[in-house]
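**Q** got a structure for you, letters missing:
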C-alpha cells in the first residue's frame, strides 16, 4: 500500500479531495479500504459526526471503484450494526457494486431496513459533507430497497415481506421503490439455490483464528493494570492466565444500541452457554471498556448487571487504569478517539488462550454466541503439552489429589477392618509384629473413630466423583464395602467380612478416581473442579 | 351573562346539541389558507396534528407554510408545533420524517430567530449532524452564529459525541457572558478530562455560586473521589458558602463503603453536627441527611 494516505489531512475538504483522487484510480482501491480501519491516521482526533461524513464519503468512493471481497466486510458492517442514516445509505449504495450478488446479502439488507425505517433521515450524496435540506434527497430505506432490486432473484425469499411492507405506512416514494424491487425480483427468474447463502459466510473474514505457534506474545501488556467492577486492581498477567478467556470491548456511553449494549447482553448469553457446557469455571470472561476515564467501577458494574452479566472473580468488567495505549496496540483495537472520548469503534471480541495470547477474534459483524463458545472450548482443549507450565502443574496437582483421595479412603477402610478391638488383640498384633521389631507401637483406641470418620469422608468423596463422572458403580462398591466393614466390627466380627469390605472399598475408590470421558456432568463449580476435569464436548 | 356562561348553559340544557367538530380536512384548508387571519389559522393548526401525515398533499401543504418566510411567524410556529406533535407518533409519522427533517434543516437558517432556535432545538435533540455542525461553526465564528452562544452550548450538550468539548473549554476560559460559561461547564460535565477545570472552579470562592454548584455536580459524576476530597475541605471550611456546603454534604453522603474511611471521620462529624444546629435551612437539611446516613 502506498504511504500517500498514511498522513492525516488537515481539513475535511483536503480529505474529500484525496478520496476523490483515489476513487479515480482503481489500482489504489486498497488505500480506500485501508482508510476504513478505525485506527487509520485520517481519523485521529476527529469527532463522531466528522467520521460519519468521512466514512460515508469513502463508501461512496468504493461504490465508484466497485466493492470487492476485501471491502465487503466494511459495507456489511454498516448494514449489520450501523444506525446512522448517511452511512447505512452509502453502504447500501456501495453494496450494489459488489460483483457477486448473493442471497447471503439479503439478511444484512433487511436487518438494516428494520433498524433505520423509523429514523429514515434524508441524505444527500451530492458533495462531501452535504446534508439534505430540500426535497431532492434519498434515504437509507430507499437505497436499501434499491439494493434488494439489484439482488433480484437472490432476494426472492423476502418477496412476502416486501409485499407486506407495501401495505404498511410508508411514504409514496418508498412504496414506489418497493414496487420496482418486487418487479425486478420477479422478473429475474427462479430463486437461486439456497446453498449460496451458506457458502458466503466462509469467505467473509470476520472471524480470525491463530494457530498455537503463531500467537503474539503478551510481554508488552503483562503489566497493564486494570480496575475491575468491584474496584479491585489486577494486572493483565494475573487475570488472563491459567485458562482461556473471552474478551469483549465496549464503553458505557456508546449510543449505538446494536454495538456495546448488545455486546454485553450477548456476553451474558455466552456466560449462560458456558454454564450449560460445564466450563464456566474453566473459561473466563472479561468486558474491557474503551473509556476508562469515565467508566468507573460502579458504572461498569451497573452496566453489566443491567444487561444480565454475572460478575465474579473469573468474570469481570475491567477498566485499564494505566496502559490503555499498550492494550490498544496489542489488540489492534478498531477504535478512535477525540481526546478521551470514543468517536467510533467496531464490534470486537477476542478469545485468549491460557497464556493471554490472542487465539481468535470476531470483528465487525455480529458474532453468534454459540460459535464463540465453541471456539473458546476449542482453545480450552488445546494439547496439554502446549499449555503453560503453571497450567500443566495445576492439572497434575488435581489428578494427584483425586488419586490420593481414593487411596486414602481405602487405607481408612483397611484401618477400620483390622483395628484391634481391645488391648489383648493389640498385644496379639504386636506379638506378630514383634518379629519385625515393631514392639514399641502403643495401643491407641482414639484411632478407631478417626478411621470410621475417614471411611465416611471417603464415601462422600466417592459419591461426589461418581456424580461428576456419571457412573455410580464406584460409589455402590464403596457403600457395600463400608457396610461390610461395619458388620465385621459387630460382636466378635468376621475377618472375612472385613477383608471383603476392604477389597470392595479399594476397588470402588480406585474406580471412581479413573478419568472418564463420560457424558456431561451434572455438577458445576468448585466441587467438579476439585475432583475431576472432564474433556469438554 | 357572559358568552362562556351562555355556551355552558346551552350545553347543559341540550346535551345532544354539540357544536359540530370541524373535519380535519376543513381545519387543514383553514390552516393552510393564507387568506384567513393568523388567529383563525393558528386555531386550525392545533386541530391538524393527526392529519398532517395522512397523505403527501397534507404534509407538503403544512411544510410549505413552515418554509415560507412570507407567512406570519406565529402561523409558521403553529405549523411547526403541529408537525412536532405529529412526530411523537413515531410509527405513523415514519412516511413524513424525511421531508420533515429536511425542512427543519432548511429553516434552521431562517431569518427569524425564534424559528431558527426551535428548528435547531428539535434537530439537536435528535443528535442531527447538520445542526451540530452549524452550532459549532457559530461558536467558532460568532458572526455566523445562528443562536446565542449559551443556547448553542445547551443544545450541543444533548450529545456527548458532539465534538464540542474543545470549544466549550475555550468558552470557560473566555466566556462571552456568565450564562454561556455555565452552559459550557454543563456541557463539559461528561468529559473526564475536564475534572481539573471543575476542581479549580469548585475551590475558587470568587466564582459564582452557580458555577461552583455546576462544578460540584460535574466532579461528582466524573470523579467522585476527587469530589469527596474537595467536599470534605469545603464542609470543614467555616467561611464557605452555605449552598456549596449543602451540596458538598450531599456528595459526601454518597461515598461508597470502600472509600468512606478516607473522607469521613470524627472531625467531619463534629463539624456537620455543628452545621445541623447552626447552618442555614438548606445546610441543616443536608447535615441531617448526612448524619442519618451514618447513624448519628
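**A** On my side now, so go ahead. The structure displayed is predicted, hence computed values, not measured ones. Numbering: from 1, shown residues only, chains lettered A, B, ... in the order given.

**Q** wait, doesn't residue B:241 sit right on residue B:212?
**A** Yes - counting by C-beta atoms under 8 Å, residue B:241 touches residue B:212, with 7.4 Å between them. Where you see a C-beta, it was placed from the backbone N, CA and C, and this is true even at glycine.

**Q** looking at those two, which is more packed in?
**A** It is residue B:212, of residue B:241 and residue B:212, that has more neighbours when counted by other C-beta atoms under 10 Å in any protein chain shown, with 25 against 18.

**Q** the more buried one: which element?
**A** helix B:209-222 (DSSP states H and E).

**Q** and what of residue A:360?
**A** For residue A:360, the element it lies in under DSSP H and E is strand A:358-363.

**Q** check the offset of that strand from the chain's centre.
**A** Strand A:358-363 sits 9 Å away from the centroid of its parent chain (C-alpha atoms, centre = their mean, to the nearest Å).

**Q** quickly run through the sheet partners of it, with directions.
**A** Using DSSP bridges, strand A:358-363 pairs in its sheet with strand A:207-209 (antiparallel), strand A:348-352 (antiparallel).

**Q** can you tell which of those strands is closest to residue A:236?
**A** With respect to residue A:236, and counting by C-beta to C-beta, the nearest of the strands paired with strand A:358-363 is strand A:348-352 at 9.7 Å.

**Q** and the residue of chain A that's closest to chain B?
**A** Nearest to chain B, among the residues of chain A, is residue A:47, at 2.9 Å (C-beta to the nearest C-beta).

**Q** residue B:161 is in contact with that residue, correct?
**A** Yes - look at residue A:47 against residue B:161 with C-beta under 8 Å: they come within range, at 6.5 Å.

**Q** compare the two (neighbour count), which wins?
**A** Remark: of residue A:47 and residue B:161, residue A:47 carries more neighbours, 25 against 21, as counted by other C-beta under 10 Å.

**Q** for that one, what are its contacts?
**A** By C-beta atoms under 8 Å, 6 or more residues apart in numbering or on different chains, the contact list for residue A:47 reads A:338, A:343, B:161-163.

**Q** nearest spatial neighbour of it, skipping sequence neighbours?
**A** Leaving aside its sequence neighbours, residue A:47 sits nearest to residue B:163 (C-beta to C-beta, 6 or more residues apart in numbering or on different chains; 2.9 Å).

**Q** looks to me like that neighbour is in a strand.
**A** No - counting by DSSP: H, G, I helix; E, B strand; the rest coil, residue B:163 falls outside a strand, being coil.

**Q** now list whatever residues contact both of residue A:47 and residue B:161.
**A** residue A:343.

**Q** residue contacts, the residue nearest to residue A:47?
**A** Counted by C-beta under 8 Å, 6+ apart, residue B:163 has contacts A:47-50, A:338, B:132, B:136.

**Q** which one of those is nearest residue A:291?
**A** After measuring the contacts of residue B:163 against residue A:291 - C-beta to C-beta - the closest member comes out as residue A:338, at 11.8 Å.

**Q** was I right to think the closest one contacts residue A:291?
**A** No - with contacts counted by C-beta under 8 Å, residue A:338 stays clear of residue A:291, the gap being 11.8 Å.

**Q** and the residue positioned nearest the centre of chain A, what does it touch?
**A** In chain A, the centroid-proximal residue (C-alpha atoms, centre = their mean) is residue A:246; its distance is 4.0 Å. Neighbouring residues of residue A:246 by C-beta under 8 Å, 6+ apart: A:267, A:270, A:283-286, A:349-352, A:372-373, A:376.

**Q** and residue A:263, by the same measure?
**A** When contacts are counted by C-beta under 8 Å, 6+ apart, residue A:263 touches A:248-250, A:287, A:347, A:349.
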